[in-house]
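Visitor: no sequence on this one, just coordinates:
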């Protein structure tokens with residue numbers, strides 16, 4: 001398995017060296033807009049933990065990543081009026097992982113609508129607007 005590289009782009013984002021369009025952040029996770037989205041509203045959820053894949057993390061961070069993913073999915077459905085959210089995690093180079101820091105892709109789309117990942121850079125103002133809308137939705141009280 002690929003060793004953890006502290007200079008990967010997500011590690012740099014976590015250290016504040018590279019900006020991102022943040023949607024959500026807590027003590028264990030960060031969720032932000034993918035700058036090369038496969039569909040409108042594509043969000044990445046990463047742990048604040050040096051992990052290349054799931055087996056590198058302890059259960060506290062695994063639980064936190066999935067808890068954050070649940071929150072983001074609910075916000076995506078409401079803001080983007082989409083029921084279908086592709087939940088994708090690629091583990092290892094053979095599987096297509098290109099950034100070797102564990103992350104989950106949350107993509108509001110059907111599999112038939114997905115664009116090629118890393119095919120184009122998104123409009124930054126659109127990402128900023130979507131990040132703000134999703135973040136605002138997360139601040140709303142939820143009723144279950």
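Guide: Received, thanks. On a predicted model such as this, the values are computed, not experimentally measured, just so you know.
Visitor: Does anything pack onto the lengthiest helix in the chain? Which helices or strands?
Guide: In the chain, with assignment by DSSP state H, the single longest helix is helix 59-80. Using 3 or more C-beta pairs under 8 Å, 6 or more residues apart in numbering; DSSP states H and E as the contact test, the elements touching helix 59-80 are strand 22-25, strand 29-33, strand 43-47, strand 85-88, strand 104-108, helix 124-138. Where you see a C-beta, it was placed from the backbone N, CA and C, and this is true even at glycine.
Visitor: Pull out the buried positions in stretch 82-102.
Guide: For stretch 82-102, the neighbour count (16 or more other C-beta atoms under 10 Å) marks 82, 85-86, 88, 90-91, 97, 99-102 as buried.
Visitor: correction: stretch 56-72
Guide: Judged by neighbour count using 16+ other C-beta under 10 Å, the buried positions of stretch 56-72 are 57, 61-62, 64-65, 68-69, 71-72.
Visitor: per-residue confidence averaged over stretch 109-127?
Guide: Stretch 109-127 carries an average pLDDT of 75.
Visitor: List the beta-bridge partners for the residue nearest in space to the middle of the chain.
Guide: Against the mean C-alpha coordinate of the chain, by C-alpha atoms, centre = their mean, the closest residue is residue 44 at 0.9 Å. Under DSSP bridges, the beta-bridge partners of residue 44 are residue 32, residue 105.
Visitor: Kindly provide the distance from it to residue 20.
Guide: According to C-beta to C-beta, to the nearest Å, residue 44 stands 9 Å off from residue 20.
Visitor: what's the overlap in contacts for those two?
Guide: Shared contacts of residue 44 and residue 20, defined by C-beta atoms under 8 Å, 6 or more residues apart in numbering, comprise 32-33.
Visitor: so where's this protein uncertain?
Guide: 111-119, 140-144 (pLDDT under 70).
Visitor: Now the two most distant members of the buried residues of stretch 82-102.
Guide: The largest separation in the buried residues of stretch 82-102, counting by C-beta to C-beta, is between 82 and 100 at 29.1 Å.
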